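Visitor: Need the 3D shape of this:
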Amino acid sequence: MELVKLDDSAKTHIRSENVFGRFVRDGYRVTWIEWDSAFRETDLQIGDLVVALNGEAYTGVDDGNKNSSAVGMYGEGYFWEQKGGKEGDRIVLTVVRDGKEFDIEGQLRAHRFYYTAEGKTAIAPGGPERMVNDGFSGPWSGWYEQTTKEWSYILNDGWNRYNLNNRQKLAEQLENEPRLQYLQDNYPGPFADTMRADYDRVIAYLRGKRYELTEDDLAYRELGEKRAQIAAEAAQTAWKNILNEVSGELITTFPAPEPDKREEVVGKIVELPWMIPRQMVNDLGRTYGVFGGRYDGYYFIDLNTEQGRRFFDIYYHYRGLVNPNLRERYGFLARILDEPRMITYQGDAVTGLLVDIVAARVGEGEGEMFTDLRNDPPDTFAGEEQLKALVKVGELSDDLPPEGVMEVVIRAVQQADMETWKKAFADWRAWSRSNEEVYLNRAYTLPDHLFVSPWEQSRRVLLKEVYDSRISKVSDVITLAEENAELGTPRVQQVTVYVDHIGLFEGEYRPFNNINVTRPWTLQRLGDGPWRIVDIRHL
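Guide: All right, here's what the predicted structure looks like:
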């Protein structure tokens, strides 16, 4: 039985996608090379941009009717039929890779029909048979189509172009191992060898580069623990000290005085029991912390007051600098006010005395954070001055290249230097619309509250799953707009920096990507000014 038959048609047996736009080179990006394509024997790679065929540059790449017959597109076979292309014809592809242009010579191959020794249609000479599954979940033809489609997605610069979750994809692809081994054991030959080689490339790509991290690289983690310890010790000492200072004003907390007998206790201080979030209630548009019960009486803290806002500002400040996972468990010293209040709590109308925060502690045990609100702002937490002395980030100078800016950003997050981190973000906005006009807003301002969540998330991932972050790749610089002297607008340039976030997997430090980390970072600069990040994002 003849195992291979040739069709009359011929083509490259490459898959591609059209690429065009204002800031990219027009052409056809190679997304896959079939296992039996003659270009498997050349230097052509997935991700190469084909810009010319046999010396003739591709044009009209954005025209669907015209590009359908280009190399790798669905109508390529018809193009070669019109040209009289046949098996073995030599052709030259001009490709661009990493900014360099060069020619790759290959040849056309006729479409091949493969059979088993029994005459059944197969994927390769001798098998496997297309519609047989050999005990696996689907037939070989469906598996091959779906698997190569997925491998194309991965190897086509999936880390950067698709922002893929590499660890999830790795687990999925490892499930192919038994089938690949069966293929090699039962259908040995070029097809099995090619599939194994492609599989090995995919697995290596998804695992990513292996990094060697030194003690110096990981020192910031110990620093984070040291910072938390310093703050906790300072908090507990400060709490004891303030209790001694106000001891003459302290009264027994419970039972709480009756509201109509408050004259004797107004101005006195009580040490309230620990509060957790479920003790916070909204009543008539205000948020209260509720302490006590039906038999002991109630105290209320109005958390919308100036003191309440001051407390939460320093609470979030602490979370950003020391421990983003600080437990929401609050202990207050509070001064009794001459303001009885009735609110709805747990479905009942209850009355009690309103109190104002004097000092607060937060966290596990005896408290990890303490702040004294008797003093005028600026507010700090206990131990903050000691922590500042530990920060060693380096200057965010105006002449740093984009990757240098990102390196400072990474160190700032590691060292908990929020002020340096915030300075890395642009105080302008420049964007391009569909008409290709660039709009520049130099009066843009960044409200402080926009920084809180991204900063906390950055700190959180660097103290948990991320062990280090390194610059992986920097794109070419593109010019969004040239300087316009008439309008008084500067040149606007843009670049993307890709960051490897390194985790610990099976005892090895390797990069990973998921929704918890940000890999691509867009930076811009105006004229010859500093490069700055254009979007507030977590690391």
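Visitor: When you work out contacts or count neighbours from here on, use the C-alpha atoms and nothing else.
Guide: Noted.
Visitor: hang on, E385 in a strand?
Guide: No. Read with DSSP: H, G, I helix; E, B strand; the rest coil, E385 is helix and lies in no strand.
Visitor: Tell me the spacing between D448 and S152.
Guide: Distance of D448 to S152, given as CA to CA, to the nearest Å: 43 Å.
Visitor: Which of those two has more residues huddled nearby?
Guide: More neighbours surround S152 than the other of D448 and S152, with 22 against 8 (other CA atoms under 10 Å).
Visitor: looking at it, that one is touching W32, isn't it?
Guide: Yes. Counting by CA atoms under 8 Å, S152 touches W32, with 5.6 Å between them.
Visitor: so what's in contact with these two at the same time?
Guide: I46 (CA atoms under 8 Å, 6 or more residues apart in numbering).
Visitor: Next, count neighbours for L284.
Guide: By other CA under 10 Å, the residues close to L284 number 7.
Visitor: and it, what pLDDT?
Guide: L284 carries a pLDDT score of 86 in this model.
Visitor: Tell me which residues touch E56, please.
Guide: Listed by CA under 8 Å, 6+ apart, the contact set of E56 is empty.
Visitor: now D302
Guide: By CA under 8 Å, 6+ apart, D302 lies in contact with 286-289, 308, 354-356.
Visitor: what's the spacing between it and E258?
Guide: Distance from D302 to E258, by CA to CA: 19 Å.
Visitor: care to break the chain down by domain?
Guide: The record's domain parsing of the chain by automatic domain parsing lists 4-207, 217-388, 402-533.
Visitor: packing partners for the one helix or strand S472 maps to?
Guide: For S472, the element it lies in under DSSP states H and E is strand 468-474. Helices and strands touching strand 468-474, by 3 or more CA pairs under 8 Å, 6 or more residues apart in numbering; DSSP states H and E, are helix 402-415, strand 492-505.
Visitor: Quick one: closest of the ones you listed to Y318.
Guide: Closest to Y318 of these, according to CA to CA: helix 402-415, at 13.6 Å.
Visitor: For that closest one, list every residue counted as buried.
Guide: By 16 or more other CA atoms under 10 Å, the buried positions in helix 402-415 come out as 402-403, 405-415.
Visitor: what do you get for stretch 441-458?
Guide: Quick answer for stretch 441-458 (16+ other CA under 10 Å): 451-458.
Visitor: who touches A443 in this structure?
Guide: A443 touches 427-428, counting by CA under 8 Å, 6+ apart.
Visitor: can I assume it sits in a strand?
Guide: No. Going by three-state DSSP, the assignment for A443 is coil, not a strand.
Visitor: what about it, distance to R329?
Guide: Distance from A443 to R329, by CA to CA: 40 Å.
Visitor: G367: how many residues sit nearby?
Guide: The burial count for G367: 21, using other CA under 10 Å.
Visitor: same check, this time on K149
Guide: So K149, with other CA under 10 Å, has 13 neighbours.
Visitor: try G142
Guide: By other CA under 10 Å, the residues close to G142 number 14.
Visitor: just W274 next, same as before
Guide: W274 has 14 neighbouring residues, counting by other CA under 10 Å.
Visitor: Now do the phi/psi pair for it.
Guide: Dihedral pair for W274: phi -60, psi 140, per degrees, to the nearest 10.
Visitor: Write down the beta-bridge partners of the residue lying closest to it once chain neighbours are set aside, one by one.
Guide: Leaving aside its sequence neighbours, W274 sits nearest to G331 (CA to CA, 6 or more residues apart in numbering; 4.7 Å). Residues in a beta bridge with G331, per DSSP bridges, are R361.
Visitor: Can you list the residue ranges for strands in the stretch 151-300 of the chain?
Guide: For the stretch 151-300 of the chain, the strands defined by DSSP state E, counting those that start in this stretch cover 269-271, 280-283, 286-293, 297-302.
Visitor: list the buried ones in the longest helix along the chain?
Guide: The helix that spans the most residues within the chain, counting by DSSP state H, is helix 215-245. For helix 215-245, a neighbour-count test (16+ other CA under 10 Å) marks 220-221, 223-224, 227-228, 230-236, 238-239 as buried.
Visitor: can you tell which of the helices and strands packed on strand 468-474 is closest to K422?
Guide: Set against K422 and scored by CA to CA, these come closest in helix 402-415, at 8.7 Å.
Visitor: Contacts for that closest one next, please.
Guide: Residues outside helix 402-415 that contact it (CA under 8 Å, 6+ apart): 220-221, 223-224, 391-396, 418, 420-421, 424, 455, 458-459, 462, 469-471, 474, 495, 497, 523, 531-532, 539.
Visitor: any idea of the angle that helix forms with strand 468-474?
Guide: Helix 402-415 runs at 170 degrees relative to strand 468-474, counting by axes from the mean of the first three to the mean of the last three CA atoms, to 10 degrees.
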